[in-house]
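# heads up, no residue letters with this:
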């Protein structure tokens with residue numbers, strides 16, 4: 001009996017001292033199942049949020065129809081079409097205030113600094129400065 005206890009004790013002592021641990025033969029299978037479960041949960045979450053967003057979009061469209069509002073993309077497309085329609089009837093091209101290359105070099109340097117600053121602004125602020 002003491003022989004059995006000493007063998008078991010030395011095996012446990014070896015693990016505590018950083019010796020080889022017993023490998024779980026099903027570890028790879030368990031990890032694969034865990035990864036599959038995570039993938040499935042992620043897909044379910046994405047489907048849930050896609051459904052919620054679709055419901056919100058239906059509600060938004062109902063409000064747009066009720067109050068005669070248009071989406072931002074539709075407004076931009078109409079504005080672009082109006083500009084093109086105005087340009088078609090015009091016999092002259094659009095005039096620029098100062099032709100490129102005619103001007104002080106300091107102004108060009110300031111433009112490049114301004115462009116650099118605009119480049120680091122968030123998207124909506126960039127759009128304000130570009131117009």
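Alright, I've got the coordinates. Just so it is clear, the structure is predicted and the values come from calculations on it, not from any experiment.
# going forward, measure contacts between C-alpha atoms and count neighbours the same way
Fine.
# helices and strands around the helix or strand where residue 35 lies, which ones?
Using DSSP states H and E, residue 35 falls within helix 27-67. Applying 3 or more CA pairs under 8 Å, 6 or more residues apart in numbering; DSSP states H and E, we find helix 27-67 packed against no helix or strand.
# now that helix: average pLDDT?
Helix 27-67 carries an average pLDDT of 95.
# and residue 112, how far from residue 76?
From residue 112 across to residue 76, the span is 27 Å (CA to CA, to the nearest Å).
# same question for residue 46.
Using CA to CA, residue 46 is found at 30 Å from residue 76.
# same question, residue 49
Going from residue 49 to residue 76 by CA to CA gives 28 Å.
# okay, now residue 48: neighbour count?
Close neighbours of residue 48, defined as other CA atoms under 10 Å, add up to 12.
# before we move on, what about residue 28?
Neighbourhood size, residue 28 [other CA under 10 Å]: 10.
# next one: residue 64
For residue 64, the count of nearby residues is 13 (other CA under 10 Å).
# in contact with it, which residues?
Applying CA atoms under 8 Å, 6 or more residues apart in numbering to residue 64 gives the contacts 70, 71.
# what's the following helix or strand after the helix holding residue 35?
For helix 27-67, the following helix or strand on the C-terminal side (DSSP H and E) is helix 72-89.
# many thanks, we can stop here.
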